[in-house]
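[1] Just a sequence and a predicted model for now, questions to come.
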Amino acid sequence: MDALQAIVGRWVSREMLLFLLVLVTLPIWIEPFGLYQYLGVEIVIWMIYGFGFNLLLGYSGLPSFGHGAFFGIGAYAFGLFQVQIFENLLLGIMGAVAASFVAGAIVACFLSHRRGIYFALMTIAFGQVFWFIAIKWHALTGGEDGLLNIPRPALEVAVTSVGLGSNVALFYFALSVLAVVIVVLWRLVHSPFGKVLQAIRQNETRARFVGYNVWLFKWAAFSLSAAIAGLAGSLFSMAQQSAYPDVMSLHASGIIVMMTLIGGGFVSFWGPAIGVAVYFLARDVLGTMTETWLLWFGLLFVLVVLFKPEGIAGAWQQYVGTGSHRRVASLFRLGRK
Amino acid sequence: MALFEAHGIHKRFGHQVVLEQINLSFESNQLSGVIGPNGAGKTTCFNVLTGRFKPDRGQVLFDGEDITGLAPNGIARRGISRSFQIMSLFDEYSALENLLIALPEVRKRGFSMMRRLDADSEAADRASCVLARVGLAGSEHRRAGDLAYGERRSLEIGVALAAEPRLLLLDEPTSGLGADATARLAELVRSLKSDYSIVVIEHDMRFLFDLADTISVIHWGQVIASGTPEALRENKWVRRSMLGRVE
């Protein structure tokens, strides 16, 4: 029993169980709150996106303002796979992950020797390139209309087949993907690899001088993060049953940065989840009260950056007294290279 | 042959010639000193020797291997480890984590993604040993950024030591320290002398003249003299350039 507990303990933390428990019960209580099932699907998908993004922003200190590109590539790749090749859920997802990984890996080759503001500017440039391709390559992507009528293939486990047509079914499928992503990323950030990434964020020069090939680590972090964005994108195209260039725009790429920062991705593993939840609740709750909800959300972002750059998670840590007093300098530090 | 040799190193930034015909050689199991006034090119020299800058001309040999122009991580992997004059730590990490990251055994599995680093008690033990060696036993879990200045200077050396170097380069280890702390640091460096081949850059002459086996004097981007501390005391160039001010 103890041995089992030890093994479970190595893979799963208490926060993780609590977090997943809240989400598992979400379809039961979301409607009584006046919200709707599809919101849960969206939240879970963006959480996957956020956790992957934070590997780059919070852990490696690399601000990408073009990550929507990889989310979009995942969405298109999944859609094209279903429509052009054949309908299969898991193969489609794997194809989407592979496509966004490859795209990320190529882009990372041009980025990995940069840091700070130069890195950020390059990500914007590449993000725009992919967005432009998505709009202009009509034959492949359907241009501004996007790919329509993307099916939600059934999940086939052994001999049974589970349809994902309903939003609740899709929610639970996306949630299981999220659970896997969280467990894997949790291990990753505590592994030597994750520790080196954080060391690079804190002091790239020293990391190089103790013998790390910083370029390769940044490259790997970027590519992995792009792959996870693509994974989220594939689920998003199922949720929307379409894929369109809007998610690749600079605006959409900015939102994931905003979510991660507001939530507190720099100081907490859970930061992106908090940020995503706050964003969607603001959209749907504030949104019913005022059309200008994004203005208020933007104002919240400004306040957070000005007064509490560690985000909501940072404020919470300070409140309960476990604050790590980490300085959130990486994004705001203007790199020299 | 010496453990480390630099031949005819030349480095320019724009029109500014910073290093001109630098020849240095450091023997193993010795403590070699490099001294010179501020702006003489000492740190630039270290930066060229450890791969931060490529020399315009010249050759750097480590244990017979040509390492000229290699990247810093390549040079570090070959066993040359350095500390920095301007403190360069992983400030958000604990003292222990700073050393863990620098351990060769951790570096070798830097791409291991699924095993927890903090569950590796062997590595932690080794890092603790290094921490004790630089006089920071008991500070394992304090954040590097929260340590006192003198402790940070010791940790700076600790990070370089954790890499288990064959040659340890210390760039002004006493920079910014008061007299007491400088004395403590001198003790630390002296205690390392028996186990490591060390090169120390200093402009604190007394510190080096007490510790070093041989000293090279850099001024105006050139090595103007080298020899044992006793011999250098008699050298008229050295006396004229700076020793007179100290003694």
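    Thanks, I have it.

[2] Look up which helix or strand A:Ile124 falls in, please.
    Using DSSP states H and E, A:Ile124 falls within helix A:116-136.

[3] List the buried residues in that helix.
    Within helix A:116-136, the residues scored as buried using 16 or more other CB atoms under 10 Å in any protein chain shown are A:116, A:119-120, A:122-124, A:126-128, A:130-131, A:133-135. Where you see a C-beta, it was placed from the backbone N, CA and C, and this is true even at glycine.

[4] Nearest the geometric middle of chain A, what residue?
    With distances taken as CA atoms, centre = their mean, A:Tyr49 lies nearest the centre of chain A, 1.7 Å away.

[5] A:Ala158: neighbour count?
    Per other CB atoms under 10 Å in any protein chain shown, the neighbour tally for A:Ala158 reads 5.

[6] tally of neighbours for the one residue in the stretch 201-337 of chain A that gets nearest to chain B?
    With CB to the nearest CB as the measure, A:Gly211 is the residue of the stretch 201-337 of chain A nearest to chain B, at 3.7 Å. Close neighbours of A:Gly211, defined as other CB under 10 Å, add up to 23.

[7] Kindly report the same for A:Ala169.
    As a burial measure, A:Ala169 scores 18 neighbours (other CB under 10 Å).

[8] element containing B:Leu170, please.
    strand B:167-171.

[9] Phi and psi next, for residue 32.
    As the question left the chain open, I've gone with chain A. With angles defined as degrees, to the nearest 10, A:Pro32 sits at phi -60, psi -20.

[10] could you do chain B instead?
    B:Ser32 adopts backbone torsions of phi -100, psi 140, taken as degrees, to the nearest 10.

[11] List the residues that contact it.
    B:26, B:198-200, B:212-216 (CB atoms under 8 Å, 6 or more residues apart in numbering or on different chains).

[12] pLDDT weak spots in chain A?
    Low-confidence segments of chain A, defined by pLDDT under 70: A:1, A:322-337.

[13] same thing with chain B?
    Within chain B, the ranges that satisfy pLDDT under 70 run B:240-247.

[14] Quick one: the helices in it, in order.
    Per DSSP state H, chain B carries helices over the ranges B:42-49, B:72-77, B:95-102, B:104-108, B:121-133, B:149-162, B:179-192, B:205-211, B:229-234, B:236-238, B:244-246.

[15] top helix in chain A by residue count?
    helix A:214-240.

[16] tilt between that helix and helix A:116-136?
    Interaxial angle, helix A:214-240 versus helix A:116-136 (axes from the mean of the first three to the mean of the last three CA atoms, to 10 degrees): 40 degrees.

[17] Beyond the helix holding A:Ile124, next helix or strand please.
    Next along the chain after helix A:116-136, with elements defined by DSSP H and E, is helix A:138-141.

[18] Which secondary structure elements does that following helix sit against?
    Judged by 3 or more CB pairs under 8 Å, 6 or more residues apart in numbering or on different chains; DSSP states H and E, helix A:138-141 is in contact with helix A:68-80, helix A:116-136.

[19] Apply 6 Å and report the result again.
    Helices and strands touching helix A:138-141, by 3 or more CB pairs under 6 Å, 6 or more residues apart in numbering or on different chains; DSSP states H and E: there are none.

[20] Buried residues, it. List them.
    Within helix A:138-141, the residues scored as buried using 16+ other CB under 10 Å are A:Thr141.

[21] before we move on, back to that, I'd like the buried residues of helix A:116-136 laid out as TSV, including distance to chain B.
    TSV is the format used below for the buried residues of helix A:116-136 (distance: CB to the nearest CB, whole Å):
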residue	distance to chain B
A:Gly116	17
A:Phe119	19
A:Ala120	21
A:Met122	21
A:Thr123	23
A:Ile124	27
A:Phe126	25
A:Gly127	26
A:Gln128	31
A:Phe130	27
A:Trp131	31
A:Ile133	31
A:Ala134	31
A:Ile135	36
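
[22] how many neighbours does the residue lying closest to A:Glu310 once chain neighbours are set aside have?
    Spatial nearest neighbour of A:Glu310, chain neighbours left out: A:Val267 (4.6 Å); criterion: CB to CB, 6 or more residues apart in numbering or on different chains. Neighbours of A:Val267 under the rule other CB under 10 Å: 26.

[23] Could you do A:Leu281 as well?
    By the criterion of other CB under 10 Å, A:Leu281 has 15 neighbours.

[24] Ok, the one 4 residues further on next?
    If you count neighbours by other CB under 10 Å, A:Val285 ends up with 13.

[25] before we move on, what about A:Phe222?
    26.

[26] nearest spatial neighbour of it, skipping sequence neighbours?
    A:Ala108 (3.8 Å).

[27] What helices and strands are in contact with the helix or strand hosting that neighbour?
    A:Ala108 belongs to helix A:89-111 when assigned by DSSP H and E. With contacts taken as 3+ CB pairs under 6 Å, 6+ apart, helix A:89-111 sits against helix A:68-80, helix A:116-136, helix A:214-240.

[28] residues making contact with it?
    Helix A:89-111 is contacted from outside by A:70, A:73-74, A:77-78, A:81-82, A:119, A:122, A:126, A:153, A:155, A:219, A:222-223, A:226-227, A:230-231, A:234, using CB atoms under 6 Å, 6 or more residues apart in numbering or on different chains.

[29] Quick check on these: which are buried?
    By neighbour count, with 16+ other CB under 10 Å, these hold A:70, A:73-74, A:77-78, A:81-82, A:119, A:122, A:126, A:153, A:155, A:219, A:222-223, A:226-227, A:230-231, A:234 as buried.

[30] In contact with the residue of chain B found nearest chain A, which residues are there?
    Going by CB to the nearest CB, chain A is nearest to B:Ala76 of chain B, at 3.7 Å. Neighbour list for B:Ala76: A:209-211 [criterion: CB under 6 Å, 6+ apart].
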